[in-house]
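[1] Sequence and predicted structure below; questions after.
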Amino acid sequence: MKWEKDAEKAIQKVPFFVRKKVKARVEKEAGDTGKIIVSLADVKATQKRFLKKMDAEIRGFQLDACFGSSGCPNQIFNTGIQSKIEDLLKKEDLLGFLRNQVKGDLKFHHEFRMTVSDCPNACSQPQIKDIGIIGAQTPYVTENECIGCMECVSICKEKAIIIDETQNIPIIDDELCVACGQCIDVCPTRTIETHQQGYRIQIGGKLGRHPRLAEELPGIYSDPEVFDILRRCIKYYKANSENGERFAELVARDNTFVPKLIRGIKDL
Ligand code: SF4
Ligand code: SF4
Ligand code: SF4
């Protein structure tokens, strides 16, 4: 839907943590009345209604995803993990937890935030969420003969692959590789194949007065491992958060949590 310039300006003034929701609501309400262009009056009317009903809109968590499943060619794979995460977050009753914890009105900024990105481009900003999940596919070199077509070298934006011309084999630098899986897709001879397909996990990111980038847990995780980690994080959050303190704030304050979490994962 198109937006008039002053409507665009007005939506940019809405606090960032509700802007996406308000924008979607403006478009829906304008669309419902048959409009194809959003005006300033539409923004104001929706904003007024939205802020009035904010308490009813709060779910206790926010879960975003990138546009991978809408046909993005970079999507590594589509496992539907987002809906399973949503089920888990609902089951954990984070709204009930926050209602008991927060003195005064519950606000969007109290909510637990998660996101899923379907490739390392990370369009849904996992680095600034309490927990970010990133689709990943790591490569390994097989015994199949390399024909030296250089497709893998050209596609790798990280410059993580060189071809050893004396032995005619690709060499992959694991330190540089971000697990996008693209070299696997382009290799015509299956000299490069999938080693692991799963997820990278980042935890403890936030914006606000004290912004913090999330920390990445080492390794690639399967579906069950992702859910085990989520349960451990939520358990820790519920045991330690007071008066709406964000999970990311707890992680920033307690530098023993991530090492303990990593040790716990290794014991899985
Ligand atoms: S994160 Fe990757 S898959 Fe998702 S929208 Fe961005 S480029 Fe596409
Ligand atoms: S998986 Fe991606 S980053 Fe890693 S070597 Fe292949 S193309 Fe490069
Ligand atoms: S894409 Fe495959 S065949 Fe081509 S250079 Fe790379 S490893 Fe060799």
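    Everything's here; your move. Ligands and ions are numbered 1, 2, ... in the order given.

[2] Show me which residues of the chain sit near ligand 3.
    146-152, 163, 170, 186-189, 191-192 (C-beta under 6 Å from any ligand atom). For every residue, glycine as well, the C-beta is placed using N, CA and C.

[3] Can you select the buried ones among the residues you listed for me in PyMOL?
    A single PyMOL command selects the buried members of those (16 or more other C-beta atoms under 10 Å):
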select buried, resi 146+151+152+163+170+187+191+192
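
[4] so who does the residue nearest to Glu4 when sequence neighbours are not counted touch?
    Among residues not flanking Glu4 along the chain, Ser39 sits closest, at 5.2 Å (C-beta to C-beta, 6 or more residues apart in numbering). Going by C-beta atoms under 8 Å, 6 or more residues apart in numbering, Ser39 touches 4, 6-7, 30.

[5] What is the nearest of these to Gln197?
    Ala30 (41.4 Å; C-beta to C-beta).

[6] Now do that closest one against ligand 3, distance only.
    Distance, Ala30 to ligand 3, by C-beta to the nearest ligand atom, to the nearest Å: 49 Å.

[7] what's the nearest residue to that residue if we skip its chain neighbours?
    Using C-beta to C-beta, 6+ apart, the nearest residue to Ala30 is Asp42, at 4.5 Å.

[8] got it, and Val102?
    Gly244 (4.2 Å).

[9] Doesn't Cys119 lie inside a helix?
    No - assessed by DSSP: H, G, I helix; E, B strand; the rest coil, Cys119 does not belong to a helix; its assignment is coil.

[10] what pairs with Glu193 across the strands?
    Tyr140 (DSSP bridges).

[11] Would you map the strands across the stretch 1-150 of the chain?
    For the stretch 1-150 of the chain, applying DSSP state E, counting those that start in this stretch gives strands covering 2-3, 37-38, 61-65, 112-117, 131-141.

[12] Is it correct that the residue nearest to Ala30 is in contact with Ala7?
    Yes - at 6.6 Å, Asp42 and Ala7 qualify as touching, with contact defined as C-beta atoms under 8 Å.

[13] Overlap in contacts, the two.
    The contact lists of Asp42 and Ala7 share Val26, where a contact means C-beta under 8 Å, 6+ apart.

[14] tell me the pLDDT at the residue of the stretch 1-150 of the chain found nearest ligand 2?
    Using C-beta to the nearest ligand atom, the closest approach of the stretch 1-150 of the chain to ligand 2 is made by Pro139 at 4.9 Å. Pro139 is assigned 98 on the pLDDT scale.

[15] ok, it touching Thr194?
    Yes - assessed by C-beta under 8 Å, Pro139 is found in contact with Thr194 at 6.8 Å.

[16] list residues touching both of those two?
    With C-beta under 8 Å, 6+ apart as the test, Pro139 and Thr194 both reach 181, 184.

[17] Those two: which has the busier surroundings?
    Remark: of Pro139 and Thr194, Pro139 carries more neighbours, 27 against 14, as counted by other C-beta atoms under 10 Å.

[18] looking at the chain, which helix or strand does the model trust least?
    helix 54-57 (a mean of 72; mean pLDDT, DSSP states H and E).
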